[in-house]
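Chemist: Following is a predicted model, sequence given first.
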Amino acid sequence: MKIEAPRGTHDVLPADQLLRQAVIGAGESTAARFGYSRITTPTFEETTLFERTSGEGSDVVNKEMYTFLDRGGRSLTLRPEGTASVARAYIERGMHRLPQPVKTFYLGPMFRYAAPQKGRYREFWQIGLEALGSDDPALDAELMLAFVDILTSLGISGVRLQLNSIGGRECRGDYLERLRAFLAEHEESLDEDARRKAARSPLRVFDTKNPALAEVLRDAPKIGDALCAACAAHFESVRAHLDAAGVAYELVPELVRGLDYYTRTVWEFIDDSLDAAQSTLCAGGRYDHLVEGIGGPAAPGVGWAAGIERLELSASALELPTGIDVFLLLAEDVDRPRALAELTSLRRAGLRCETDYASRSMKGQLTHANRLGAAWRVRVDGTGATIERRGLAEVSEVGVAIDRIAERVLAHVERTRG
RNA sequence: GUGGCCGUAGCUCAGCUGGUAGAGCCCCGGGUUGUGGUCCCGGUGGUCGCGGGUUCGAAUCCCGUCGGUCACCCCA
C-alpha cells in the first residue's frame, strides 16, 4: 500500500521554496516596518478557546475543527485560525500591562477540515497581523495599508478592497431585531441555507451567492444604515485614513464575517484573477469584545489574516533570484578531497558553491553547472584548474594549482564585482 | 458534507467497442559542436491510484474505496 500525504495537505518542495520565502519575506518585512513583532503560539489549544471566540454557531466550530483527546483526556484542537491564540496569550502573559496597543504578527500552519480545492487546504499557512488594546480607527486603516504594502512588494496588482462596518454591541442589538423581523416577513423567499442562518446568526444571511435571495435582501435593513453615532464616527475615520493614504475601496453593505467575534470594521482583499471560490486573499476586522469574552480585561482589537498559499498563487509571476556562484567540475584523475577542500574555503568565504556527486561525465557536469546557473565554473584535471566565467568565450585563468583555486576564484569574483 | 469531471512512467498525455503497456519532456551515456545550448543516437524508468467482481483473459466493463479538480457550502 502506497503511503500518501493526507487529504488536503501538500508538500512545499525545494523548487517551491523560493516563492514561499518571497511571500513570507514580504510579510516579515512589512510587519517590521509597520511595527508588528512576531508572536509564536502553540499549534493546538484547548478546544473551548475556539468554541468561545469563533462562536458555537460558526461553521468552523461545527464542522471544520481537528479536535482530539490527548492521552490525559484533554480536549484539544489544532488551531483553525490565529486570532484566538493571540488574544489568549495577550491575557495569559500579561500583555495588557504593556504599553498599548500591542502589535503582533503570526505566521504558521492552520487546520480546517473542509473540502480541499486549489488554494484551499486542510493544513494551510496564514500570516496575520493583530493590534490589541486600542480602538483607534487609524489602526484599522494601518492594518489594511500593511497588506497593500505586501501586495506591492510581491508585484500583485488588481486586488480589490471591500469594506464595511457591522457595528458594535450597542447598535447591533436593535438592528438585529429589525433584520429578524424582515427575514420572518420574507420567510417564503429564503432558501434553506438562509433559514438556518436566520435562526443562528442573521447577519450572515447576506453572505449568499443565490441571486434570487440577493434580490430579496436588497430591501432588507442594512447594518450600515443602523450604526450608532460612535460606530458611524469610527467608520468615518477609518475611511478618512484610507482616503488620505490613497487606498481605493468599495463599500459593501452585505460584507459580513463567518466568525462571531467581529465588530465594527470588516474587510476583505479579493483577487479576481484567482478562481471565484478562493479569491479572498486576506480578511480582517475589528473584534472589540473578543478579549473580555475569554476572561480578559476590556481590550479592543483589530487584525487580519492572509493565506500564504493564495498569495503564492497571486504572486506566481514574480521573478525570483536563482543561480549559484561557483560550480566545481572534476576530471576522474584529480585528487577529489583536495579539490573539495578548496570548495569548502569558497563556501566559508560566502560563495554559493556546488559540485557533482553523481559521477557525471565532463559533459554531464557542464550541463549540470549550467542548469544550476553557476556564474563561475572551475574545471580541474591532472594539469590544474581552469576558471571560466559564464557567458564569456575566453577563460579567465588557466593552469591554477589545486590548492590555490579558492584564492584565485575569490580574486576573479572580487575583480568583476567592481 | 452534497453533486459533476478526472486518476496510465518524475511531468504532460495517447492507448476506439477487453487479449498481458506507448509518445514527448525530464534524467543518464555516446556522437556532433566554439568542451554549455542546438542537433543526432542509445539507455534508465510504470505490478496502468488501491481493493473486489465479470471474463479463458481487463489499463480498457461493473462495484467500492482513496486522491485530485470544479461547483455548492464556507472561508485564508
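Modeler: Received the coordinates, thanks. Numbering: from 1, shown residues only, chains lettered A, B, ... in the order given.
Chemist: can we go C-alpha only for contacts and neighbour counts from here?
Modeler: Noted.
Chemist: Mind listing the residues bridging to A:E250?
Modeler: A:Q162 (DSSP bridges).
Chemist: show me what contacts it?
Modeler: Listed by Cα atoms under 8 Å, 6 or more residues apart in numbering, the contact set of A:E250 reads A:160-163.
Chemist: where's it relative to A:Q162, distance?
Modeler: 5 Å (Cα to Cα, to the nearest Å).
Chemist: related to what we said a few turns ago, now, which of the contacts of A:E250 sits nearest A:R415?
Modeler: A:R160 (47.9 Å; Cα to Cα).
Chemist: Leaving aside the residues adjacent along the chain, what's closest to that closest one?
Modeler: Leaving aside its chain neighbours, A:R160 sits nearest to A:I270 (5.1 Å; criterion: Cα to Cα, 6 or more residues apart in numbering).
Chemist: pLDDT of the helix or strand where that neighbour lies, averaged?
Modeler: Using DSSP states H and E, A:I270 sits within strand A:263-271. Mean pLDDT, strand A:263-271: 93.
Chemist: residues in contact with that strand?
Modeler: Here strand A:263-271 has contacts from A:140, A:158-169, A:231, A:235, A:255-257, A:279-289, A:314, using Cα under 8 Å, 6+ apart.
Chemist: Any chance you could give me stretch A:358-369 in PDB, C-alpha atoms only?
Modeler: Extracted C-alpha coordinates of stretch A:358-369, given in PDB (Å, rounded to 0.1, in the frame of the first residue of the first chain):
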ATOM      1  CA  ALA A 358      26.600  11.700  -9.300                       C
ATOM      2  CA  SER A 359      29.800  10.600 -11.200                       C
ATOM      3  CA  ARG A 360      28.700  12.500 -14.200                       C
ATOM      4  CA  SER A 361      30.800  12.800 -17.400                       C
ATOM      5  CA  MET A 362      32.500  16.100 -18.000                       C
ATOM      6  CA  LYS A 363      29.700  16.900 -20.400                       C
ATOM      7  CA  GLY A 364      27.200  16.000 -17.800                       C
ATOM      8  CA  GLN A 365      28.900  18.200 -15.200                       C
ATOM      9  CA  LEU A 366      28.800  21.100 -17.600                       C
ATOM     10  CA  THR A 367      25.200  20.600 -18.200                       C
ATOM     11  CA  HIS A 368      24.500  20.500 -14.500                       C
ATOM     12  CA  ALA A 369      26.600  23.600 -13.900                       C
END
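Chemist: Mind listing what's buried along it?
Modeler: A:360, A:365-366, A:368-369 (16 or more other Cα atoms under 10 Å).
Chemist: and what of stretch A:78-94?
Modeler: Buried residues in stretch A:78-94 (16+ other Cα under 10 Å): A:78-91.
Chemist: Can you redo those residues as CSV, where the extra columns are secondary structure?
Modeler: Formatted as CSV, the buried residues of stretch A:78-94 follow (DSSP: H, G, I helix; E, B strand; the rest coil):
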residue, secondary structure
A:L78, strand
A:R79, coil
A:P80, coil
A:E81, coil
A:G82, coil
A:T83, helix
A:A84, helix
A:S85, helix
A:V86, helix
A:A87, helix
A:R88, helix
A:A89, helix
A:Y90, helix
A:I91, helix
